[in-house]
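Q: here you go, sequence then predicted model.
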Amino acid sequence: MVRAVASALIGALTLVLVACGGGTATTGSPAASGSGAAGSATPAATSILRVAIAADPTGLDPESVLQNEAGFVTSTLYDGLTSYAPGTTNVQPGLAQSWTISPDGTKYVFTLRQGVKFSDGTPFNAQAVVSWLDRIVNKQNPNYVENQKGINDFNSFTFGDVSAYKALSDSQVEVDLSKPNAEFLADLAMAWSAVVSPAAVTKYGADVMTHPVGTGPFTFVQWVKGQYVEVKANPTYWGGKPKVDEIIFQVIPEASTRLLSLEQGKVDILADVAPQDVASLKSNAKVQVLTQPGLAVNGIELPTQTKPFTDVRVRQALNYAVDKETLNKDLYFGLATTMDSPDSPVEWSYSQQTPYTYDLAKAKQLLAAAGLPNGFQATLDTYANPRGYNPAGGAKSAEAVQADLAKAGVQVKLNQMDFNAFLSAARQSTFADMSSGGWSGDNGDPDDFMQPLFGCNAFAQGNHSHYCNPQVDALFAKGIATPDQTQRKAIYAQIESTVWQDAPWIFLNYATQVRATSSRVQGYKLNPTEMFFDMQDVSLSGS
């Protein structure tokens, strides 16, 4: 019946390798392990691509993490049933080479690629997909994802409508939904929806978080926490053998150190670039600066269920009290534009709203009308490192907001935290502080972009303001169930207008996505989701 539903020595040697730069490794590093013929005095060189990331991943199980650095790594190790065309969020085949959808939009039949294997050697087939889905949606499964402690996931959004699944043959899977879901195919291409080896789940259980096994272009080697994650090329990858032998994701929290590492050739790609560094990078002949409009929003989340933030006049006042244009110029060096909608201009659903222009007198007037003529005191939780949606870093933007709000009589105390600790605190149901917030779109669909930030059921995902408007939630439900894009656009325009007026955020800006690479890096493309997709196409000149 269908169910409804790493030794210490090796690590030290690697650190020496990473510190020395280059792009090749020989005997003495894990990157060179197994290279060259037996007894050879000079093993064949290994091409290594080094990516500097600002924070350690929170885990490497795609359905159990919601953190960019984790996604950076897992997007090289795993594939989804669908994928995005390079450089876009346009859905194309992935592990499923084709699919059909029933007229009512509730039944999907996926035809799978043949001859694909997970990196542990087990076959990818229909039963593997069924086992993968069962772990995500079946609470009786002994390895049910949600049984893990301390995880953050996107599963309720992607798989919450999955009601049944079964293998029709070795190469076909049927997935039934309880109601239509217009973004389901786009959801399946996200870094958070990759197919995990069922054999690995059986073997490692919850420890699959640190023993990732997928079908992707690279396979896991080791993770030295707080230092680096190492992956190696999958020579039998169905999408073609990668052009580099290894990727090392090196954790470098300090922006100045990351910049120096790129300029000195110690790393090849900066995953996060501080805006103030862009001009100098562009003047460096050994560096390439890549930009594209960001599928991202950045702001300050206001605890809408905690006084005095329960009053919409207070929330609107704080929006008028912040000089966002000066913030964009002085802190983001012109690489950000002021938000004029809760949606991103990159999205097809974007509907422009009347901006909250800087107006200190109006801010004070609204605070007085709310019974707070002398302002109030509050705490703002933040973090130091840059994010894709906030390349200046949470603390720097929080300090600028703090200074502006003080002019309106609002005294804000900053509480700076390690980023992972910040996420853990902000995603608790009891969270009640202002917080640095933001979101990078995962799939190019407005439901993914706005529901995690403003949906009543998303407090544990991205809605740290605990904003809950039943009218908006009803529109979210209508939007996701509507297949016609023109009709959906009208629905999301209503959502954007309501959220904008309700002001659960201090709406700051849209950041331009910026990454910098060595001039040796060839074939690397930005993706609007910021993930490191299609890394099998990247090469290093001279290696």
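A: Done, it's in.

Q: spatially central residue for the protein, please.
A: residue 68 (3.9 Å; C-alpha atoms, centre = their mean).

Q: tell me the contacts of that residue?
A: Counting by C-beta atoms under 8 Å, 6 or more residues apart in numbering, residue 68 touches 271, 387-388, 440, 530. All C-beta atoms are positioned from the backbone trio N, CA, C, and that covers glycine.

Q: repeat that for residue 455.
A: By C-beta under 8 Å, 6+ apart, the residues touching residue 455 are 463, 472-473, 476.

Q: please report phi then psi for it.
A: phi -90, psi 150 (degrees, to the nearest 10).

Q: swap in residue 288?
A: With angles defined as degrees, to the nearest 10, residue 288 sits at phi -110, psi 130.

Q: equivalent analysis for residue 350, please.
A: phi -60, psi 130.

Q: for the remainder of this discussion, apply numbering that starts at 48.
A: Got it, first residue is 48 now, which makes that one residue 397.

Q: next, count neighbours for the nearest residue to it once chain neighbours are set aside.
A: Closest residue to residue 397 apart from its sequence neighbours, by C-beta to C-beta, 6 or more residues apart in numbering: residue 390 at 4.7 Å. Other residues near residue 390 number 26, with proximity taken as other C-beta atoms under 10 Å.

Q: SS state for residue 537?
A: Secondary structure state of residue 537, per DSSP: H, G, I helix; E, B strand; the rest coil, is helix.

Q: neighbours around it, how many?
A: 13.

Q: so the residue nearest to residue 397 sits in a strand?
A: No. According to three-state DSSP, residue 390 belongs to no strand; its state is coil.

Q: please tell me how far it sits from residue 488.
A: Noted for residue 390: a distance of 10 Å to residue 488, by C-beta to C-beta, to the nearest Å.

Q: before we move on, the earlier item: same list, the contacts of residue 115, but as a markdown table with pLDDT, neighbour count and secondary structure please.
A: Below are the contacts of residue 115 laid out as a markdown table (pLDDT from 0 to 100; neighbours: other C-beta atoms under 10 Å; DSSP: H, G, I helix; E, B strand; the rest coil):
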| residue | pLDDT | neighbour count | secondary structure |
| --- | --- | --- | --- |
| 318 | 94 | 23 | coil |
| 434 | 84 | 25 | coil |
| 435 | 82 | 25 | coil |
| 487 | 87 | 23 | strand |
| 577 | 92 | 25 | coil |
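
Q: among those, list the two that are farthest apart in space.
A: Greatest spacing in those, by C-beta to C-beta: 318 and 487 (11.9 Å).

Q: all strands of the stretch 148-297 of the chain, in order?
A: Taking DSSP state E, counting those that start in this stretch, the strands of the stretch 148-297 of the chain run over residues 154-159, 209-216, 219-224, 265-271, 275-280, 293-298.

Q: same check on the stretch 298-447 of the chain?
A: Under DSSP E, counting those that start in this stretch, the stretch 298-447 of the chain gives strands at 316-317, 334-339, 343-348, 383-385, 424-430.

Q: got the ones you listed as TSV, with mean pLDDT, distance to residue 293 and mean neighbour count columns?
A: Below are these laid out as TSV (pLDDT from 0 to 100; distance: least, C-beta to C-beta, whole Å; neighbours: other C-beta atoms under 10 Å):
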stretch	mean pLDDT	distance to residue 293	mean neighbour count
strand 316-317	98	14	26
strand 334-339	95	21	16
strand 343-348	97	29	26
strand 383-385	96	34	20
strand 424-430	97	30	20
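
Q: can those go into JSON lines with extra columns for distance to residue 110?
A: Shown next, in JSON lines, are the strands of the stretch 298-447 of the chain (distance: least, C-beta to C-beta, whole Å):
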{"stretch": "strand 316-317", "distance to residue 110": "26"}
{"stretch": "strand 334-339", "distance to residue 110": "28"}
{"stretch": "strand 343-348", "distance to residue 110": "23"}
{"stretch": "strand 383-385", "distance to residue 110": "32"}
{"stretch": "strand 424-430", "distance to residue 110": "24"}
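
Q: out of the ones you listed, nearest to residue 394?
A: Judging the strands of the stretch 298-447 of the chain by C-beta to C-beta, what sits closest to residue 394 is strand 343-348, at 10.3 Å.
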